[in-house]
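A.B. asks: please find the sequence and the predicted model below.
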Amino acid sequence: MTEPTRTKEPSHMPNKQYTVGIVGLGYGRAHVAGFQAAGCKVVALCQRDTAAAAELAARYGVLQVYSDWHAMLATARPDIVVIATPPALHLPIMTEAFAAGSHVVCEKPLALTVDEAHRMIAAAQAASRSAIVGFNWRFAPAMQRMKTMVDAGFLGRVFHVNCRWFNAAWVERGAAPSWRMDRAVAGYGALGDLGVHLIDLVRWLFGDVVRVMASSGVGYPSRTVAGGARAADAEDFSHVVAELRSGATMALTVSRVARGLNEHSIEAYGESGALSMRQCRTGAGWQTGELRMAQGADLLSTVELPAPTSDAGESGDRLDITGRTTIAPMVRAFVAAIENPLSAPAPSLHDGLQAQAVLEAIAASVANRCWIDIAPISV
């Protein structure tokens, strides 16, 4: 079997220690650990619950806490702003951060709509600021190795791709209502939480998605959005079949009501070989992921992965580990791109826009119960 080479993290040494402000401390907590592990100085945390923010600030040694992101941008003036809020707030925070002179890391999904994503790209260009989308699972060791092998031609012509992301976040009927159940705030449910990562990984590995057919559902129709004003309308699971520009086909399944699982996987089958990547969030060293490969008449066998270059720390906290091992290398690459005008930051806002177009097409397919074509996007 072909032995792949290892993908290396950027060796660039920053010209300074970048300061960081983080808005939204749910998943944003992983960014605190990630930016600190990458050598940046997190100077401000922001969320409405300032008591919880102060507790987190004390844990990570962050000095400033804000309840209002306008005040944080005006007072702390960080070099980099992390937006880890509900997607409905991404556009206003990003445009104000650019106006304040900050670079931006925005969590996924990038926006509520393709039009919003275009406006974000225009704002970044007008302000001459850099920005990336938080597609951090590109940086897990197993995925980095898979990318290296795909780019080296291990698979040959790809026939079909199968990917899924399952967890049990909302499997219990009595789970408290959340903004994640409200399409007006979140944009999407399981597709925005989970599926958008898979869409990005498939595009990164195999090229653009050009056509989709999908179905989606809500696990418990009796649930309401936060506050109880109306029924929850953000999908809990979705099944997607798609065609790629290359001619390969894809099957994608996502669920946040999959009892007993917390993992994502991508399998690709081609003319010359097969690759199967699995990222299961249990057991020691889970953050590395697992990769298997096959060529000829061989069955899939394990690919030995190198020891991670990023320290997982000793806390055992899953978000802390995620930050240290997948966000930190993303941040190091981003800082290198900020300091090198010839280097394009990645995962870029354009990557986020392309994934947004696929999400929008999936929603249209669900609504219209038909195939939806995705037109090429120019920026």
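C.D. replies: Yes, it's here. Residues are numbered from 1 along each chain as shown.
A.B. asks: burial measure for the residue nearest to Trp204 when sequence neighbours are not counted, as a count.
C.D. replies: Nearest residue to Trp204, sequence neighbours excluded (CB to CB, 6 or more residues apart in numbering): Arg138, at 6.1 Å. (Each C-beta comes from the backbone N, C-alpha and C, glycine too.) Neighbourhood size, Arg138 [other CB atoms under 10 Å]: 20.
A.B. asks: quick one, phi psi at Arg138?
C.D. replies: Per-residue torsions, Arg138: phi -60, psi -30 (degrees, to the nearest 10).
A.B. asks: relative to Leu261, how far out is it?
C.D. replies: 22 Å (CB to CB, to the nearest Å).
A.B. asks: dump the residue contacts of the residue nearest to Arg223 when sequence neighbours are not counted.
C.D. replies: Distances taken as CB to CB, 6+ apart put Ala232 closest to Arg223, at 4.1 Å, once the chain neighbours are dropped. Contacts here follow CB atoms under 8 Å, 6 or more residues apart in numbering; on that basis Ala232 touches Pro177, Met181, Asp182, Val218, Tyr220, Arg223, Thr224, Val225.
A.B. asks: checking Asn74 next. Helix, strand or coil?
C.D. replies: Heads up, residue 74 is Ala, not Asn. helix (DSSP: H, G, I helix; E, B strand; the rest coil).
A.B. asks: which ones are touching it?
C.D. replies: Applying CB under 8 Å, 6+ apart, the residues near Ala74 are Ala100.
A.B. asks: got TSV for the contacts of Ala232, with distance to Val257, secondary structure and neighbour count too?
C.D. replies: Below are the contacts of Ala232 laid out as TSV (distance: CB to CB, whole Å; DSSP: H, G, I helix; E, B strand; the rest coil; neighbours: other CB atoms under 10 Å):
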residue	distance to Val257	secondary structure	neighbour count
Pro177	15	coil	15
Met181	12	helix	24
Asp182	17	coil	22
Val218	9	coil	19
Tyr220	8	coil	17
Arg223	11	coil	21
Thr224	16	strand	15
Val225	17	coil	21
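A.B. asks: still on that earlier bit, can you pull the pLDDT of the residue nearest to Trp204?
C.D. replies: Note on Arg138: pLDDT of 98.
A.B. asks: correct me, but it touches Leu201?
C.D. replies: Yes. If you go by CB atoms under 8 Å, Arg138 and Leu201 touch, sitting 6.7 Å apart.
A.B. asks: ok, then the element right after the helix or strand harbouring Ala117?
C.D. replies: Secondary structure from DSSP states H and E places Ala117 in helix 114-127. Using DSSP H and E, the helix or strand that follows helix 114-127 in sequence is strand 131-133.
A.B. asks: for that next one, packing partners?
C.D. replies: strand 103-106, helix 349-368 (3 or more CB pairs under 8 Å, 6 or more residues apart in numbering; DSSP states H and E).
A.B. asks: out of these, which one sits most buried?
C.D. replies: Ranked by mean neighbour count, these are led by strand 103-106 with a mean of 25 (mean count of other CB atoms under 10 Å).
A.B. asks: just the C-alpha atoms of that one, please, in PDB.
C.D. replies: The C-alpha trace of strand 103-106 is given here as PDB (Å, rounded to 0.1, in the frame of the first residue of the first chain):
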ATOM      1  CA  HIS A 103      -9.500  40.200  12.100                       C
ATOM      2  CA  VAL A 104     -12.200  37.600  12.600                       C
ATOM      3  CA  VAL A 105     -12.700  33.900  13.300                       C
ATOM      4  CA  CYS A 106     -16.400  33.100  12.800                       C
END
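A.B. asks: which residues sit against that strand?
C.D. replies: Here strand 103-106 has contacts from 31, 79-83, 90, 94, 97-98, 120, 124, 129-134, 331, 334, 338, 349, 352, using CB under 8 Å, 6+ apart.
A.B. asks: run a quick neighbour tally on Ala52.
C.D. replies: With other CB under 10 Å as criterion, Ala52 counts 13.
A.B. asks: so who does the residue nearest to Trp204 touch?
C.D. replies: Gln144, Lys147, Asp200, Leu201, Trp204, Met330, Pro347.
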